[in-house]
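>>> Just the structure for this:
(one chain, ligands or ions: 1)
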Amino acid sequence: MAREAAAPGRTAGKASAPSGHHHAGARGGGGDLWSEIMASGGGGGAARIGVVYGRRRAAQEASRPRGAVDVRGVAAGEKRASFEPSKRTSWNRSLSIRRGVAAGEKRASFEPSKRTSWNRSLSIRGRESILFAPGTKIQPQQNPCRAQKRPPKPGNRVKRTFGGPPDLKKEKAYFEEVDAFELMEESPSPKNFGTWARGMEQNYIVHDLSAILERWKISKLAKFAASRPLFDIMETPAVPSVRSDCSLHDSCRTPEKDRGSRTNPMRRTIPSGLSDKTSIFTSFSELKIKEEPDDSSIPSLSAEAMTAFAQLLLVCNQSAPITLAEAFSTYCIPGSIVKLGEGTFGEAFRAGSTVCKVVPFDGTSLVNGETQKKAEEVLEEVLLCLTLNNLRADRGDNVKENSCHGFIETKDFWVCQGPYDPSLICAWEDWDAKCCSENDHPNDFSNEQCYIVFVQADGGRDLEKFALLDYNEACSLLVQVTAALAVAESACEFEHRDLHWGNILLDRDETQDKNHTMGFTLQGKNMCTRTFGLNVSIIDFTLSRINTGDAILFLDLSTDPALFEGPKRDKQAETYRKMKQITNDYWEGSFPKTNVVWLIYLVDIVLQKRYSTFTSKDDRELRAFKKRLAKYDSAKDCLTDSFFSDLLLSDEDAQPSTA
Ligand SMILES: Nc1ncnc2c1ncn2[C@@H]1O[C@H](COP(=O)(O)OP(=O)(O)OP(=O)(O)O)[C@@H](O)[C@H]1O
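Residues are numbered from 1 along each chain as shown. This is a model prediction of the structure:
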């Protein structure tokens, strides 16, 4: 579990208030709005997903880092017979089934572990993805029974790699970016860095998400084509292209009837009304064809393909990695860096008004007992962050179908290389002295070690460490989390899948009055939540599932049985088990109910914290709410509960924004 320091001197409040803030003038139920939204059938409606192409981590070779050296003398995948203290004993990490670590290979450790929290992290990693071919229509995604994973061969196979006409606009954008990248390589100095600048405010960096996705997709396809995997090219309806307004086109969605249904193991149900047939890739996780495609059927993608590392550099607008000191210098002076918290994979530091999460990757040494993420996995996490960033209300005039500020804003990314900077080591040691870190000391990283730095807004303190003042704040927490999940569900079939109290940040803003509200848009309806002075941000999307419109990104938790073996009656462990029941271990699928079980967990946490200011009536309300939650199928459904009727306002009911 992620932990956070007492964080002395934490500034109260984000650098800038989200633009969706309003003052609420009146309370009002959302009845009318709700009937409209529910009637529209949006997020939970007849959504469809076209599975075009996919992969399963097990089928993937571990990609070797470029010249990364294992300073600790432990190659990924090797058993580590360590006589040094291993800091981790978490039950859910015992199985290292991930890229670079073969199933069954375990780190042998002869020392007690410092880390006792079973839920701290996953022992498996490697984000999964299912790509949609450009311009193709969709095949509805189903939840095949695992015992019958291989449906019959389609009768009418077409040997084509891509279906549908090429999206020339995107291609153009892609090649323009690649050209820009090459230019950068010739004359590097893409970003301003090199001098420590106190509190230097960063402009928001605009990332071209669709170009990034396109580049990523091309590289993935090329990689698979190059490795001559077994393709299955199926006859299916075509997938509409991505929409930039933060809402999946209905036909990009997973069909309602296929969500969670195990009675229909076939993957090829063609939604009624879609008769346009074209060829698509099917999921690599369910390869069905035992025949290799003709050479001629694979487009020459290798020229366009870039390594994940090169793509990361491009996303970061860098021609080469920089040092951690250079990256941090953009935001603050070295002496001001404070470590805020840690996770299994990342160390979070406050740097000026931002929080920089430093995640080592591509190295062969174990970090905190774990194999490091590969560039490919990091890239997919970057894609996920950018997709969620897209949910934020536009800075321009564009009105989005779905928008909210409930997910932490990722402001930028940096690719870094080299040893940890002394200023970071200093901050790390200060935190360790106060909070007793469960992570490895960062002083033995090599000169070749790479890191991705996620530059995020400062979301405040995590719920584990945050003391809610009163019942109103508890309600504010619940309504903000529910609204954010509902919006992301509707926009991109988002499921967080790991919403424990370390992954919810709270920030009390003393400047907000009691009527302050936070705006959000759900399926075109502008609404507000009452905040009672609290800003809530959801972080850590490692386990999350998202449908970007181009691809489904998810983690196949079925390869990590230990995750579901946590202590009985432990709320968090029970929640993972509930998710497993809901998904039936079919993690590719869309099951918004997983968001509901985390909301139930959240109510439990609030109840469990036994805030002294809660009256017995407050307790009763929460218990009754928790009971009712069990009957909902999505966060969006939950938002219709009477518990929220005084907490949700239509935009018209809210006073004009003061933000
Ligand atoms: N944007 C942020 N603002 C404030 N604190 C943050 C922020 N991001 C992370 N933190 C702190 O750092 C901790 C670890 O972050 P996070 O959970 O993202 O790391 P992780 O390595 O992904 O964790 P996990 O072990 O769950 O995978 C959080 O619990 C929180 O205390």
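>>> Give me the phi and psi for the residue in the chain positioned nearest to the ligand.
Residue nearest to the ligand within the chain: Gly343 (1.9 Å; CB to the nearest ligand atom). For the C-beta atoms, the positions are set from N, CA and C on the backbone; glycine is no exception. When read as degrees, to the nearest 10, the backbone of Gly343 gives phi -130, psi -180.
>>> Show me what from the stretch 251-400 of the chain comes close to the ligand.
Applying CB under 6 Å from any ligand atom, we find that the stretch 251-400 of the chain lies next to the ligand at Leu340, Gly341, Glu342, Gly343, Thr344, Phe345, Gly346, Ala348, Val355, Lys357.
>>> Is it correct that the fourth one is in contact with Asp540?
The one in question is Gly343. Yes - Gly343 is within contact range of Asp540, at 6.9 Å (criterion: CB atoms under 8 Å).
>>> who does the longest helix seen in the chain touch, helix- and strand-wise?
Counting residues, the longest helix found in the chain (DSSP state H) is helix 471-492. Secondary-structure packing of helix 471-492 (3 or more CB pairs under 8 Å, 6 or more residues apart in numbering; DSSP states H and E): strand 504-508, strand 516-522, strand 525-530, strand 534-538, strand 546-547, helix 593-608, helix 616-629, helix 635-638.
>>> can these go into a markdown table with extra columns for distance to the ligand and mean pLDDT?
Listed next are the helices and strands packed on helix 471-492 as a markdown table, based on distance: least, CB to the nearest ligand atom, whole Å; pLDDT from 0 to 100:
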| stretch | distance to the ligand | mean pLDDT |
| --- | --- | --- |
| strand 504-508 | 5 | 97 |
| strand 516-522 | 17 | 93 |
| strand 525-530 | 20 | 94 |
| strand 534-538 | 7 | 97 |
| strand 546-547 | 16 | 92 |
| helix 593-608 | 14 | 97 |
| helix 616-629 | 24 | 96 |
| helix 635-638 | 20 | 98 |
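>>> now the ones you listed in CSV, with mean neighbour count and distance to Ser558?
Converted to CSV, the helices and strands packed on helix 471-492 look like this (neighbours: other CB atoms under 10 Å; distance: least, CB to CB, whole Å):
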stretch, mean neighbour count, distance to Ser558
strand 504-508, 23, 26
strand 516-522, 26, 32
strand 525-530, 25, 35
strand 534-538, 25, 24
strand 546-547, 25, 18
helix 593-608, 21, 14
helix 616-629, 15, 26
helix 635-638, 26, 23
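>>> can you put these in JSON lines and add distance to Gly406?
Formatted as JSON lines, the helices and strands packed on helix 471-492 follow (distance: least, CB to CB, whole Å):
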{"stretch": "strand 504-508", "distance to Gly406": "10"}
{"stretch": "strand 516-522", "distance to Gly406": "7"}
{"stretch": "strand 525-530", "distance to Gly406": "9"}
{"stretch": "strand 534-538", "distance to Gly406": "6"}
{"stretch": "strand 546-547", "distance to Gly406": "15"}
{"stretch": "helix 593-608", "distance to Gly406": "12"}
{"stretch": "helix 616-629", "distance to Gly406": "18"}
{"stretch": "helix 635-638", "distance to Gly406": "11"}
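>>> Which one, of these, ends up nearest to Asn398?
strand 516-522 (11.2 Å; CB to CB).
>>> could you say what helices and strands that closest one packs with?
Looks like strand 516-522 contacts strand 21-24, helix 471-492, strand 525-530 (3+ CB pairs under 8 Å, 6+ apart).
>>> could you dump it to PDB, C-alpha only?
Output in PDB follows, covering the C-alpha atoms of strand 516-522 (Å, rounded to 0.1, in the frame of the first residue of the first chain):
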ATOM      1  CA  HIS A 516     -18.500  25.600  -3.100                       C
ATOM      2  CA  THR A 517     -19.200  23.100  -5.800                       C
ATOM      3  CA  MET A 518     -17.200  21.200  -8.400                       C
ATOM      4  CA  GLY A 519     -18.500  21.000 -11.900                       C
ATOM      5  CA  PHE A 520     -18.600  17.900 -14.100                       C
ATOM      6  CA  THR A 521     -20.400  16.800 -17.300                       C
ATOM      7  CA  LEU A 522     -22.000  13.500 -17.600                       C
END
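>>> how much does it deviate in direction from helix 471-492?
Interaxial angle of strand 516-522 relative to helix 471-492 (axes from the mean of the first three to the mean of the last three CA atoms, to 10 degrees): 20 degrees.
>>> can I get the helices and strands packed on strand 516-522 in JSON lines with distance to Asp619?
Conversion of the helices and strands packed on strand 516-522 to JSON lines gives the following (distance: least, CB to CB, whole Å):
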{"stretch": "strand 21-24", "distance to Asp619": "26"}
{"stretch": "helix 471-492", "distance to Asp619": "9"}
{"stretch": "strand 525-530", "distance to Asp619": "20"}
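>>> what's the closest of the ones you listed to Tyr611?
Judging these by CB to CB, what sits closest to Tyr611 is helix 471-492, at 7.1 Å.
>>> Okay, angle between the closest one and strand 525-530 too, please.
Going by the same axes, to 10 degrees, helix 471-492 makes 150 degrees with strand 525-530.
>>> between helix 471-492 and strand 534-538, how big is the angle?
Using the same axes, to 10 degrees: helix 471-492 against strand 534-538 is 40 degrees.
>>> quick one: average confidence on helix 471-492?
Mean per-residue pLDDT for helix 471-492: 97.
>>> got the angle for it vs helix 616-629?
20 degrees.
>>> Pop the domain breakdown of the chain in here.
Domain segmentation of the chain under automatic domain parsing yields 21-47+464-655, 128-190+203-309.
>>> weakest of the ones you listed in terms of mean pLDDT?
Across the domains of the chain, the lowest-scoring stretch is domain 128-190+203-309, with a mean of 46.
>>> returning to what we had before: among the residues of the stretch 251-400 of the chain next to the ligand, list the two that are farthest apart in space.
Thr344 and Val355 (17.1 Å).
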